[in-house]
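Engineer: Attaching a predicted model along with its sequence, questions to come.
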Amino acid sequence: MRLPVDADRLRADIEANAAFGRVETDDPEAHGRTNRTGTEANRKARDHLVERLRDAGLD
């Protein structure tokens, strides 16, 4: 079975997930993320995933 992939939507989902727990640095080339279990960032990331699954008609 082949499922179509919307590259723009996939990229947007990846970017949205990366924003949870983002670590700010002074170096514009540096990227960091902390998303430990039990943290507010983790809860937001999990809630976002559940919302996306529901939007897709899954339960």
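Structural biologist: Great, that's in hand.
Engineer: And stretch 38-52, what's buried?
Structural biologist: Under the neighbour-count criterion of 16 or more other Cβ atoms under 10 Å, stretch 38-52 has 41, 45 buried. Using the backbone N, CA and C atoms, a C-beta is placed for each residue, glycine as well.
Engineer: Not counting residues beside it along the chain, what's closest to residue 42?
Structural biologist: residue 35 (5.2 Å; Cβ to Cβ, 6 or more residues apart in numbering).
Engineer: right, and that neighbour touches residue 23 too?
Structural biologist: No. Residue 35 lies out of contact with residue 23 (Cβ atoms under 8 Å); the separation is 10.0 Å.
Engineer: So between these two, which is more surrounded?
Structural biologist: residue 35 (17 against 9; other Cβ atoms under 10 Å).
Engineer: Show me the helices in this structure, by range?
Structural biologist: Along the chain, the segments classed as helices by DSSP state H run 7-19, 40-55.
Engineer: of these, which approaches residue 31 most closely?
Structural biologist: helix 7-19 (8.1 Å; Cβ to Cβ).
Engineer: okay, which residue is most central for the protein?
Structural biologist: What sits nearest the mean C-alpha location of the chain, by Cα atoms, centre = their mean, is residue 17, with 1.3 Å.
Engineer: wait, isn't it in contact with residue 47?
Structural biologist: No. Using Cβ under 8 Å, residue 17 is not in contact with residue 47, being 11.5 Å away.
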